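*Asks:* Only the shape, not the letters, is given here:
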Ligand SMILES: CC(C)(COP(=O)(O)OP(=O)(O)OC[C@H]1O[C@@H](n2cnc3c(N)ncnc32)[C@H](O)[C@@H]1OP(=O)(O)O)[C@@H](O)C(=O)NCCC(=O)NCCS
């Protein structure tokens, strides 16, 4: 298993992960945002295929994680954690010290992953998600406070 920066060659496989994971998936075209300045992303390759990915937008020292998705057949094998750690490493390299994300309040697996990696719940965005409508928990990780 290896974590590499996302490239144009991964976008088709990542769009497929999006479709398999979310009710409102990002298209391949939307995902190409992750290749531009002000964004970054990583993919996890195992057995020669993309099994997981994560993306983030950043400005100054803040990064906003847009999504993390693991192939449905490959969950609970550590790939989500590896992708999250890869995103944090890449963000740190780019000078980010604060990471934020939104997650459905019912997504207890993802919330457990984020909490285990040091994120805390900082607030709630009412009715943030559609299809189905649901609140988002806003989670933060502040590296300056940790080190
Ligand atoms: C959430 C998601 C990214 C987790 O990825 P994963 O590869 O399955 O998670 P990992 O195997 O790396 O798990 C790491 C830790 O997170 C926690 N965790 C992950 N999934 C969990 C679940 N379903 N229930 C409870 N805890 C969970 C556990 O603490 C786990 O450690 P453990 O296996 O030693 O107990 C994956 O389930 C996924 O792609 N879900 C659909 C898309 C999604 O919801 N993305 C997040 C949007 S904000």
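*Replies:* Happy to help now that I have it. All values derive from a computational prediction rather than experimental measurement.
*Asks:* the longest helix in the chain is where?
*Replies:* Longest helix of the chain, by residue count under DSSP state H: helix 79-93.
*Asks:* Name the surrounding residues that touch that one.
*Replies:* Contact with helix 79-93 is made by 1, 3, 5, 40-44, 46, 51-56, 58, 63, 65, 68, 70, 99, 110, 113-114, 116-117, 141, 143, as judged by CB atoms under 8 Å, 6 or more residues apart in numbering. C-betas here are computed from N, CA, C, even on glycine.
*Asks:* Give me the subset of the residues you listed that lies in helices.
*Replies:* Residues of the contacts of helix 79-93 located in helices (DSSP H): 110, 113, 114, 116, 143.
*Asks:* Give me the number of neighbouring residues for the fourth one.
*Replies:* Spelled out, it's residue 116. 10 (other CB atoms under 10 Å).
*Asks:* same check, this time on the last one
*Replies:* The number of residues packed near residue 143 is 15, by other CB under 10 Å.
*Asks:* just the second one next, same as before
*Replies:* Applying other CB under 10 Å, we find 18 residues neighbouring residue 113.
*Asks:* What are the buried residues along the helix or strand harbouring residue 11?
*Replies:* Residue 11 belongs to helix 11-21 when assigned by DSSP states H and E. Going by neighbour count (16 or more other CB atoms under 10 Å), the buried part of helix 11-21 is 11, 13, 14, 15, 17, 18, 21.
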